[in-house]
Every structure is written in structure tokens, then in C-alpha cells.
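[1] here is a sequence together with a model predicted from it:
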Amino acid sequence: MNDLFARASGRFGAGALRRGALVAVTAGAAVLAATVAFAPSASAGTTLGASAAEKGRYFGAAVAANKLSDSTYVGILNREFNSVTPENEMKLDATEPQQGVFTFTNADRIVNHARANGMKVRGHTLAWHSQQPGWMQNMSGTALRSAMLNHVTQVATYYRGKIDSWDVVNEAFADGSTGARRDSNLQRTGNDWIEAAFRAARAADPGAKLCYNDYNTDNWSHAKTQAVYNLVRDFKTRGVPIDCVGLQSHFNSGSPYPGNYRTTLQSFADLGVDVQITELDIEGSGTTQANTYRSVVTDCLAVARCTGITVWGIRDTDSWRSSGTPLLFDGSGNKKPAYTATLEALNAGGTTNPPTTPPTTPPTTPPTTPPGTPGGCTASVSLNQWNGGFVATVRVTAGSSRINGWTVGVALPGGASVTNSWNTQATGTSGTVTFRNVSYNGQVNAGTTTEFGFQGTGTGPTATPTCTAS
Ligand code: XIL
């Protein structure tokens with residue numbers, strides 16, 4: 001669901017839409033164009049979701065399917081929140097309990113509830129070292145790599161079009177001062193497992209925003225934060241599809257809210273990705289807890305690309321850390337001081353309109369390329385294959401002079417066909433398929449490389465692709 005549609009449906013910032021109409025009769029058309037989507041708040045919202053929507057954000061909660069029959073729980077959910085994250089139901093052990101056997105019953109209950117009530121869905125999570133089914137825990141090497149990519153592809157394809165943002169990879173970095181990757185069976189399949197997962201997710205659901213999600217990445221001076229920052233910067237530089245960074249933000253005395261939190265949010269945003277606070281909970285009580293919630297919300301609203309906040313549960317008793325009473329509602333469903341502070345901060349915060357456009361998809365118009373001296377190019381392909389499908393990554397390298405455009409021919413084996421592609425415009429789906437550059441990657445400097453990719457059914461290509469420069 002796009003934002004405008006969601007707003008029109010009533011849950012997303014109906015107030016903003018109404019104010020937009022008001023502006024239409026009281027101000028000139030030029031002003032209307034700039035203000036209709038996110039007019040400055042004239043009247044404060046009265047729920048978390050409505051107030052966030054007035055600022056162009058969502059406010060979500062982690063939801064457990066088995067609580068959807070609890071009327072107090074559902075009452076708060078429907079009144080206050082306009083985004084949900086399944087707390088456990090989309091994890092690997094839940095969705096693929098046996099290899100190749102996918103179960104979506106509990107996840108569907110949450111997704112259906114969300115869609116029926118105009119809420120966004122954050123998908124959590126496609127690839128993670130934890131909560132793996134037993135069969136996957138026992139796997140390694142190329143078998144695990146293929147199984148992981150197949151999982152990403154199958155789950156993201158099943159939910160294609162229904163997910164606002166996917167936590168494609170969760171918690172891949174180690175704690176402490178090293179900035180290293182976390183050791184795991186997935187990490188041992190090769191350092192490129194994260195980007196392989198992101199490419200497979202993009203191929204499966206090109207409309208979903210793709211996030212990297214982690215904890216202890218809130219303090220800008222921590223090595224783990226810097227390591228994630230470097231990963232995202234590298235992905236953006238090399239054209240690996242990534243749209244957002246999720247900061248879990250589980251705060252307690254051992255892992256407190258840091259004074260440089262806003263710097264962290266802004267620094268990630270400056271890389272050209274959205275930032276989402278994905279699993280917020282703050283242990284404590286009373287005014288201290290309320291003030292920390294206020295700070296987190298104020299920081300998010302100060303960063304244009306901080307597009308939403310999700311709290312990790314509804315009532316304190318729903319929390320995975322219930323003894324820390326870290327949420328906005330008490331066990332009876334009453335609003336805590338933390339709730340009031342959060343709502344006040346949402347209503348008081350900046351009115352910056354974050355970008356709401358979906359992730360970049362290849363343009364359908366032919367690319368225009370600047371004039372220049374044509375040079376040669378070469379192309380090579382690397383494959384992630386599983387039984388019945390593959391994801392191909394193609395590297396286009398310019399020869400001794402800069403090129404301004406490229407056309408790559410890939411010969412597919414009999415029975416294979418292309419189902420998706422990214423960072424390219426494809427012609428044909430079987431036999432020899434032609435891939436052309438799009439507007440932003442036609443120009444390749446001498447000796448340097450750009451990448452595009454495609455997904456297909458059947459067996460992937462084995463022959464070296466042809467490359468023609470223009
Ligand atoms: C937690 C759930 O809340 C618990 O119910 C479950 O037992 C364990 O996982 N980081 C994450 C979440 O990304 O998936 C975790 O959720 C909390 C930490």
C-alpha cells in the first residue's frame with residue numbers, strides 16, 4: 001500500500017489529509033502543492049499512529065499472533081498503531097520448519113490483520129543466525145548458502161507486495177570493539193552472504209524496502225555501529241540493493257540510550273538510506289523512562305529519513321523483557337508516562353517530510369547517455385543457484401577508455417527463464433537475453449566495474465556473457 005492510498009483509507013494521517021483540504025480553501029495553489037501531503041501540525045494527534053503519520057512517519061508495534069484474540073491487546077493495537085512487525089512468526093524456524101516446507105499460517109494472521117486495518121507490515125527477518133530451524137542449524141557451506149537464498153526468495157516472494165520493509169539480514173556483526181562480523185554458520189558460507197541475501201530479496205519483492213537490522217548500533221562511537229555504517233556505505237557504492245537500516249534500540253542500564261543517538265541516525269541517513277527504529281524498548285519506569293522515550297522520538301523526528309518507530313510489544317507484560325517494564329502500556333493496558341511523553345514528542349517534533357518513494361526500480365524509458373568516446377567492455381557472471389532457480393550477478397568492466405553505455409548478452413540454458421532483473425533493462429526472458437544499462441549506470445570509467453543482476457527459474461547461465469560498449 002502506498003502512503004497516499006493509506007492516508008486516504010483513513011488510518012494514515014487522516015488528519016493530515018483533512019488539513020490538506022483546509023489549506024486548499026484558505027491558501028493559494030502554489031502553497032497547496034508544497035503542503036498538502038504533510039501540513040504543519042495545527043492540531044495535535046491523539047494516538048501514536050495518527051501523530052506519527054502527521055509527521056510522515058509510522059508508529060508500529062511488534063505483534064504476536066496468539067494475542068490477536070486478546071481484546072484489550074487488539075483494542076490498543078488498532079487504536080494506536082499503524083505498522084506491525086511479527087515478533088516471531090516470520091522467522092526462519094517459523095516459516096520453514098522443514099527444508100522446503102513453508103508455513104505462513106501465523107504470519108498470515110498478523111499480515112491479514114494489518115492489511116484489514118490499513119497498517120504497514122515490517123517483515124522480520126529473512127536471514128539470521130538465531131531462531132533457525134534445526135535442519136538449517138546443522139547445515140554449512142554451499143548447501144547452507146543455497147538453502148538460505150532459497151528461503152529468502154520463497155518467503156519474500158510469498159509476501160511480495162504486502163511488506164513495507166524487510167529486515168533482510170539481522171544481527172550479522174559481533175559485539176565489542178573489533179567491528180568484525182559475528183561468527184555463524186551463515187558467515188562461514190562466505191563474507192558475501194549478506195549482499196547475496198539482499199540481492200535475492202530485491203529480486204523476489206522489488207517493491208519492499210530492504211533493511212539491515214541490528215542492536216548495539218545506537219552509539220555512534222561504538223565499533224559495531226561503525227562496522228554497520230561501513231557495510232551500508234560499501235553497499236551503496238557498489239550498487240548492492242539496500243534501502244534502510246534498522247536500529248533495534250533495546251535500551252537498559254547495560255546498553256543505555258546514547259547522547260549521540262541523533263548523530264547515528266543522521267549519519268546513516270546521509271548514506272542515502274532510510275533509518276527505522278525497529279524494536280524500541282526502554283527498561284525503567286516513571287519520568288526517567290518517559291524522558292528517554294521523549295529523546296528517542298525527538299531524535300527520530302529531527303532526521304528527515306528516520307521514517308518510523310516500532311516498539312517491541314504493546315503492554316509491559318507482552319515484552320520479551322517484561323521484568324524491565326520497558327513499554328508504553330502497563331499490564332492492564334493503561335497508558336504509562338512513557339506513552340504520554342512519546343505522544344507529546346510526536347506532536348511537538350519536526351515536520352520534515354521524509355522521502356516516501358519506493359526503492360529505485362529500473363526506469364522503463366531508454367537511457368540517454370552523454371556523448372563520449374566509445375570503448376570496449378567485458379562482462380562476467382557469478383551465480384547463486386538452488387534446485388530450480390538462481391540469482392545471477394553480472395559485472396560489467398570498461399576497457400581502456402570510459403564507456404557511456406553497455407549491452408550485455410547472456411545465453412541461458414534451455415528451459416531457463418528470467419523472472420526479475422535489477423540495475424538493468426532486460427529484453428527477452430529465455431534464449432539469449434539482452435541487458436542494457438539504465439540511466440544511472442551506463443557511464444563506467446576505464447578499468448572500473450558496475451554490477452547488475454537478474455533472477456531466473458531453471459539453471460543459470462554458464463557461458464561468458466558478451467559485452468558491447470557505446
Ligand atoms: C525476540 C522475541 O521478542 C522473543 O519472543 C523471542 O523469544 C526471541 O526473540 N532482536 C530481534 C528480535 O531481532 O527478533 C528478538 O525478538 C529480540 C532481539
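    Now that the structure is in, tell me what you want to look at.

[2] surely A114 meets K120?
    Yes. With contact defined as C-beta atoms under 8 Å, A114 reaches K120; the gap is 7.1 Å. For the C-beta atoms, the positions are set from N, CA and C on the backbone; glycine is no exception.

[3] which residues are in contact with each of those two?
    Shared contacts of A114 and K120 (C-beta atoms under 8 Å, 6 or more residues apart in numbering): 83-84.

[4] how much space between the residue of the stretch 301-450 of the chain found nearest the ligand and N88?
    Residue nearest to the ligand within the stretch 301-450 of the chain: W320 (3.4 Å; C-beta to the nearest ligand atom). Distance, W320 to N88, using C-beta to C-beta, to the nearest Å: 9 Å.

[5] before we move on, what about T462?
    Distance, T462 to N88, by C-beta to C-beta: 41 Å.

[6] the more surrounded of those two?
    Per other C-beta atoms under 10 Å, whichever of T462 and N88 has more neighbours is N88, with 17 against 10.

[7] on the three-state scheme, the more buried one is what?
    Three-state call for N88 (DSSP: H, G, I helix; E, B strand; the rest coil): coil.

[8] residue numbers of the stretch 101-250 of the chain in contact with the ligand?
    Counting by C-beta under 6 Å from any ligand atom, the positions of the stretch 101-250 of the chain adjacent to the ligand are 170, 215, 248.

[9] which of those residues has the most neighbours?
    For those, counting by other C-beta under 10 Å, the largest number of neighbours falls to N170: 24 neighbours.

[10] phi, psi of it?
    Dihedral pair for N170: phi -120, psi 130, per degrees, to the nearest 10.

[11] can you check the one 10 residues further on too?
    Backbone geometry at A180, expressed as degrees, to the nearest 10, gives phi -90, psi 160.

[12] which residues touch it?
    Residues in contact with A180 (C-beta under 8 Å, 6+ apart) are 173-174, 227.

[13] most surrounded residue in those?
    Going by other C-beta under 10 Å, F173 tops the contacts of A180 with 24 neighbours.

[14] backbone dihedrals for the residue of the stretch 301-450 of the chain closest to the ligand, both of them.
    As for W320, its main-chain torsions (degrees, to the nearest 10) stand at phi -70, psi -20.

[15] so what's the nearest residue to L48 once chain neighbours are set aside up against?
    Leaving aside its sequence neighbours, L48 sits nearest to F59 (C-beta to C-beta, 6 or more residues apart in numbering; 4.1 Å). Residues in contact with F59 (C-beta under 8 Å, 6+ apart) are 48-49, 51-53, 80-83, 308-310, 346.

[16] ok, so of the residues you listed, who is nearest D316?
    Of all the contacts of F59, E80 has the smallest distance to D316: 15.0 Å, by C-beta to C-beta.

[17] right, and the closest one touches T46 too?
    No. Assessed by C-beta under 8 Å, E80 is found out of contact with T46, at 9.8 Å.

[18] and the two? Which one has more around it.
    Per other C-beta under 10 Å, whichever of E80 and T46 has more neighbours is E80, with 25 against 12.
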